[in-house]
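>>> Structure, please.
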Amino acid sequence: MGKTLCMTLALVERSGCAVTWSLYVIRTVGGCLYTGIATDVRRRYREHANGGPKAAKYLRAHPPRELVFTRRLGSRSLALKVEYRFKRLSKQDKEAIVRAGKLRIDRTSGKIRR
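Residues are numbered from 1 along each chain as shown. Next up is the predicted model:
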């Protein structure tokens, strides 16, 4: 992300304008799950799928097959907390969330409720 864009997002977020961060999960061709956060999930998925310089290094080596889950969270802070906790779940728990299409969280701590 460019320096100007980062500064713009930070200013917009602090000013209270609607910058909504989302958690997303991508299934790779090999069946692995990749998790990230973004303000525009469709755009971010296209960046990953195109394999260009903005694609995650992991997804350049393990091409994405499909976007399997998204959840709007709100602030970047909350999105980072939820992403951290989601990545620590077992693959079985992640798959259960993807199948159910629901992720229950504590909006203060970012803890994932089961």
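
>>> going forward, measure contacts between C-alpha atoms and count neighbours the same way
Fine.

>>> after the lowest-mean-pLDDT helix or strand in the chain comes which helix or strand?
When the helices and strands of the chain are compared on mean pLDDT, DSSP states H and E, helix 3-15 comes out lowest with a mean of 51. Reading on from helix 3-15 to the C-terminus, the next helix or strand found by DSSP states H and E is strand 21-28.

>>> what's the angle between the longest strand along the chain and strand 21-28?
Counting by DSSP state E, the longest strand found in the chain is strand 64-74. For strand 64-74 against strand 21-28, the angle by axes from the mean of the first three to the mean of the last three C-alpha atoms, to 10 degrees is 160 degrees.

>>> Please identify the buried residues of strand 64-74?
Neighbour counts using 16 or more other C-alpha atoms under 10 Å place 64, 67-71, 73-74 of strand 64-74 among the buried residues.

>>> Kindly reformat those residues as CSV and extend each row with distance to Asp106 and pLDDT.
Listed next are the buried residues of strand 64-74 as CSV, based on distance: C-alpha to C-alpha, whole Å; pLDDT from 0 to 100:
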residue, distance to Asp106, pLDDT
Pro64, 29, 97
Leu67, 24, 98
Val68, 22, 98
Phe69, 19, 98
Thr70, 17, 98
Arg71, 14, 97
Leu73, 11, 97
Gly74, 13, 96
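
>>> what's the longest strand of the chain packed up against?
Judged by 3 or more C-alpha pairs under 8 Å, 6 or more residues apart in numbering; DSSP states H and E, the packing partners of strand 64-74 are strand 21-28, helix 41-50.

>>> how about 7 Å then?
Counting contacts by 3 or more C-alpha pairs under 7 Å, 6 or more residues apart in numbering; DSSP states H and E, strand 64-74 is packed against strand 21-28.

>>> Lys94: what's it in contact with?
If you count contacts by C-alpha atoms under 7 Å, 6 or more residues apart in numbering, Lys94 has none.

>>> Am I right that it is in a helix?
Yes - under DSSP: H, G, I helix; E, B strand; the rest coil, Lys94 sits within a helix.
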